[in-house]
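Asker: need coordinates for the following:
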Amino acid sequence: MKSYIKKPLPVQAQKLTPENRDELLEHGQASHGGMLITTPHGTTFCPFGDYIVKGTAGETYPVSAKTFEAIYDQVD
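Answerer: As a prediction, the model looks like this:
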């Protein structure tokens, strides 16, 4: 089998906290313990502490903090 490396694609993201949830409501609606995020595949729950990511095509989706922090480095 051949080896591959993921291409670096910049994304915008914000870690969801109780303090910044109101700033992120354009991506979904408030829910107990986090937010309901509208994704291309339907509505998904994003708990506090996880990241809301805006992809290269403008799509929004939640990513667990563990996964996000293993894959992404902040550039600005």
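Asker: the spatially most central residue of the chain in helix, strand or coil?
Answerer: Centrality entry for the chain: nearest residue to the mean C-alpha point is residue 52, 2.4 Å, by CA atoms, centre = their mean. Here residue 52 is recorded as strand under DSSP: H, G, I helix; E, B strand; the rest coil.
Asker: pretty sure it contacts residue 12?
Answerer: No. Judged on CB atoms under 8 Å, residue 52 makes no contact with residue 12 at a distance of 9.1 Å. No exception for glycine: its C-beta is placed from N, CA and C like everyone else's.
Asker: re the thing from before, can you check the pLDDT for the residue nearest to the centre of the chain?
Answerer: Listed pLDDT for residue 52 reads 97.
Asker: from residue 8, how far out is it?
Answerer: Relative to residue 8, residue 52 is positioned 20 Å away (criterion: CB to CB, to the nearest Å).
Asker: hmm, back to that, pull the contacting residues for the residue nearest to the centre of the chain.
Answerer: With contact taken as CB atoms under 8 Å, 6 or more residues apart in numbering, residue 52 is in contact with 13-14, 16, 24, 27-28, 35, 37, 46, 60-62.
Asker: go through the residues you listed and name the one nearest residue 69.
Answerer: Distance to residue 69 across the contacts of residue 52 (CB to CB) is lowest for residue 13, with 10.5 Å.
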